[in-house]
Each structure stands twice: as structure tokens, then as C-alpha cells.
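Colleague: heads up, no residue letters with this:
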Ligand code: MG
């Protein structure tokens, strides 16, 4: 059987994920929801209005009643499903991908993107012509969705010390990156009594500001503004608003596992322990903090959907990703950039220190991330070969094969090599006690991978 879904829904360019295909996909999704109540929203991408209408058509033709949520963030749409007690939802977004991409995310009754076995049910309907087409008098209805923004902000505020944060009058630089977070974050800032300015605030599907993906490399300009403007904090969101990358008051941009560790510590202290769910690519800091505050880490494969489902399964207190995804189950099981922002302000208030100071007190590790191009057809065989090589030649201290190969060369140094779930690339992650060591190891494995790929004719 063919496959439609990647790691985060169905993704493609408009000549691949065409309007015609989107209608057929939506007919399959509508058949899967069996005439249920489904909410549909879209992000600010140029092609989103095309796919949005195609998806609504397919859902209605297969008997689903559709609530039109319009332009929205992914976490707000997910929150709406749960709060309005709907059967599910569809979000048109390609998250942080370049502007020519778009995608379709299917969300279940619990507000979490459906897992692989459920995706297979939709693929079965799609590929084996099991689509249910309803007669004219049984097609679904289209209604406006109620505006859930107030409820959503209330839910976030319920989970932090609003009084404490408000008393500080924090100065925050908000960077939606031309994505849809402009719809939610300014309101949150106002309600937390933060003084804020916005950069890249215009919703623009061409992402002219700094692209749709916030990373230390794309946030160099934002970091300068944070430092020179005397801000307590800078927060940069991805295109659909589910991830947040933080810049500290000194203008240093941090990966999500470092800032996530600060939120982790805050939550573990508040709860007196609990399970933290995070992909195998996250920093060792996550484990150290968990051990220190009576918690433990549950590792998963890389991918937010898996983290959310695992978080729910094990009853964890928090999920986190190195790319800036934070899941706080008391609000919802999915990553949410607005919730992450409020939790970070809560943690800073609780600690009573500047973010740069709090970060400087974390255990110090240096991480390097690299990618090597590799055709999809051979990437899993390349991983097998490099795994065998590491197992034979490296004198490793501990290893995990949850997703690719992660080998600890000693208690402070590890490498992870895994195939991307969405792109024809292999990713290398290294963490070590010095930049030189991390860079050196990344280079070594990059070379090894390139030679294996060459040998295999890639
Ligand atoms: Mg996203």
C-alpha cells in the first residue's frame, strides 16, 4: 500500500499536494471520521486558502459537519477540538518548512495528531477506494467555529502564576516570524502584563523576515534586537505557532532542550517529580535535571506526535523537544508555543533571575547538529551500516537504538545518527563538554557517512 503521511502529516509542494489530491485525501479523512464534527483551520501560507477549501469540500462530501476556524495557530485549533468536544480536526500547515511547502495534519478527538495506526486507516481508505460519498441530502454542513481565543488564553493562565509574572512587568520581544502566532501571543503578553514589541509580525506566507523556522542561525538579527533593546527575553515561533525558541537578555539564542530544561526544572519542583518525555536527540541536561528533582526521562523516537502520545500513555508531567516544542498536559498534550512562553516567564519569575543567569547555572554541554544528503531509498541501509561500524569500532559506554544509533562514548559525550522522517537526509547530533570535541566528532561522522553513501551509490 502507498503512504501519504510523513512524520507530521502529509507534506508537499502545491504541484505534489495538489487541490485535486487534497479533495481525495479529505474524502478519506471524512470517511475515517464517519460523518463526525470536524474543525478545519489554516496557517498563513500562500497556498493554504487553496488546500483549506479543498479539504472542507472533501470532508463535507463524505458527510462531516465542518467548523470553519479560518486562519489560526495549530495549538489553538487543537485546543478547540478538546474544548468544543468535537470528533477531530484538520490543520492546513507545513509548520516550519520553506514557503513552497504545505501540508495536512489530521487531529484526533483528544486534540493530538493521530498516530501511525490511525494514519494507516486513512491510507487504506484512500488507496483501496473505500471512500464514502454521501448523497446530496446527507452531506455535511459548514458553520463558523466559535472564537476560542479567550478560553485558550484562560487555560494557559490557569497554569502559571499570573500575579507573580504580572508584578514583574517583563519586557519581551515577540517574533512570530511572519507566522500565525501574531493571532495569539500579543494578547497573552497583555494579559500577563508584559511590555512587548513585535518583529516579523505581519502574517506573510513568503516568510520574508527570517524564514518559518526559528534556529540560532536564523535568529541572529532578532538576538541583536533583544540585547540592544534591553529585553528580558526574546521569543521566536515557527510558522504555525507550536514551537518557541528563546533568546536570553544577553542576546544568546538557545536550542529548545536547554530552555526546555529550565521549564522542566520549574515543573518538577512544582510537582515534586514526574515523567519527562523527550526524543532521543535531546541534551543530557534533560536527564540530569530529572534525576536532580526526583523525576525520570522517557526517551522516544524523534517526532512530536510520538512524544505527545507517549506523554499521554505514561501520564507524564511534561514533553519537550530540542527544536523548541513544549507539551504541558495540564493545558494540552501537544506542543504549544504560547504555553511554552508563559511557562518560561513563570520559571524566570520563580527563580528571580535573568534568563542568561539561569542558563549559566545549567550543566554545560556543547551540541552540534549536522545533516548529510542521502536518498530516501538507501538512508535506512546507511544507518544500518554506520550502526554496525560504531558497534565494532567505537569503545562506547552506553547505547540506544530507539531511533538510529545513539552511542555515549563516555558519560558526557554522545553521538546520534538517524534518518530524517521527512527529508532525504541523515542527521548527526553530537553533545560533548567542549565545542572542539563536539565539532571534531561531527566532522568525523559526517565523513564516515559520506563515504558509506558513496559506496552505496547514493
Ligand atoms: Mg510547527
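Modeller: Cool, the structure landed. This structure is a prediction, so every number in the text was calculated from the model and none was measured.
Colleague: count of residues packed around residue 53?
Modeller: 16 (other Cβ atoms under 10 Å). C-beta coordinates here come from the backbone N, C-alpha and C atoms, glycine included.
Colleague: quick one: what helix or strand has it in it?
Modeller: Secondary structure from DSSP states H and E places residue 53 in helix 48-61.
Colleague: do the same with residue 263
Modeller: According to DSSP H and E, residue 263 maps onto helix 256-271.
Colleague: against the centre of the chain, work out the most remote residue.
Modeller: Within the chain, the residue lying farthest from the chain centre (Cα atoms, centre = their mean) is residue 137, at 39.9 Å.
Colleague: buried residues in the helix holding residue 53, which are they?
Modeller: Under the neighbour-count criterion of 16 or more other Cβ atoms under 10 Å, helix 48-61 has 48, 50-61 buried.
Colleague: toward the C-terminus, what is the element adjacent to it?
Modeller: Past helix 48-61, the next helix or strand by DSSP H and E is strand 65-71.
Colleague: now the angle between strand 65-71 and the helix or strand just after that following strand, please.
Modeller: Per DSSP H and E, the first helix or strand lying C-terminal to strand 65-71 is helix 74-83. Here helix 74-83 points in a direction 150 degrees away from that of strand 65-71 (axes from the mean of the first three to the mean of the last three Cα atoms, to 10 degrees).
Colleague: which residues touch helix 74-83?
Modeller: With contacts defined as Cβ atoms under 8 Å, 6 or more residues apart in numbering, helix 74-83 is touched by 39, 41, 43, 67, 69, 86, 88-89, 91, 93, 95, 105, 107-112, 145, 148-149, 151-152, 155, 183-184, 240-242, 331-332, 334-339.
Colleague: what mean pLDDT does that helix have?
Modeller: Here helix 74-83 scores 97 as its mean pLDDT.
Colleague: of all the residues in it, which ones are buried?
Modeller: Along helix 74-83, these residues count as buried under the neighbour rule (16+ other Cβ under 10 Å): 74-82.
Colleague: is any residue of that helix near the ion?
Modeller: No - legend: contact between helix 74-83 and the ion by Cβ under 5 Å from the ion is lacking; minimum distance shown is 6.0 Å.
Colleague: alongside the ion, which residues does the protein contribute?
Modeller: Going by Cβ under 5 Å from the ion, the residues of the chain near the ion are 95, 238, 240, 242.
Colleague: mind checking the SS state of the closest residue to the second one other than its chain neighbours?
Modeller: Counting by Cβ to Cβ, 6 or more residues apart in numbering, residue 96 is the residue found nearest to residue 238 once chain neighbours are left out, at 4.1 Å. Remark: residue 96 carries the secondary structure label coil [criterion: DSSP: H, G, I helix; E, B strand; the rest coil].
Colleague: wait, residue 96 sits on residue 210?
Modeller: No - judged on Cβ atoms under 8 Å, residue 96 makes no contact with residue 210 at a distance of 11.3 Å.
Colleague: if you count what's nearby, which of the two comes out ahead?
Modeller: residue 96 (24 against 20).
Colleague: how about the contacts made by the more buried one?
Modeller: 212-214, 238-240, 243 are the contacts of residue 96 under Cβ under 8 Å, 6+ apart.
Colleague: now the residues you listed in TSV, with distance to residue 163 and neighbour count?
Modeller: Output for the contacts of residue 96, formatted as TSV (distance: Cβ to Cβ, whole Å; neighbours: other Cβ atoms under 10 Å):
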residue	distance to residue 163	neighbour count
212	35	27
213	35	22
214	30	32
238	30	31
239	33	32
240	31	31
243	28	28
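Colleague: whatever residue of the stretch 351-458 of the chain ends up closest to the ion - nearest residue in space that isn't next to it in sequence?
Modeller: For the stretch 351-458 of the chain, the residue closest to the ion is residue 422, as judged by Cβ to the ion, at 12.2 Å. Using Cβ to Cβ, 6+ apart and skipping residues adjacent in sequence, the residue nearest residue 422 is residue 6, 4.6 Å away.
Colleague: backbone dihedrals for the one you found, please?
Modeller: phi -100, psi -150 (degrees, to the nearest 10).
Colleague: could I get the pLDDT score of it?
Modeller: The per-residue pLDDT reported for residue 6 equals 80.
Colleague: before we move on, the earlier item: what about the helix holding residue 263, average pLDDT?
Modeller: Regarding helix 256-271, the rounded mean pLDDT is 96.
Colleague: for that helix, buried residues please.
Modeller: Those would be 256-269, for helix 256-271 by 16+ other Cβ under 10 Å.
Colleague: which other helices and strands contact the helix or strand hosting residue 28?
Modeller: If you go by DSSP H and E, residue 28 is part of helix 19-33. With contacts taken as 3 or more Cβ pairs under 8 Å, 6 or more residues apart in numbering; DSSP states H and E, helix 19-33 sits against helix 48-61, strand 88-92, strand 101-107, helix 116-127.
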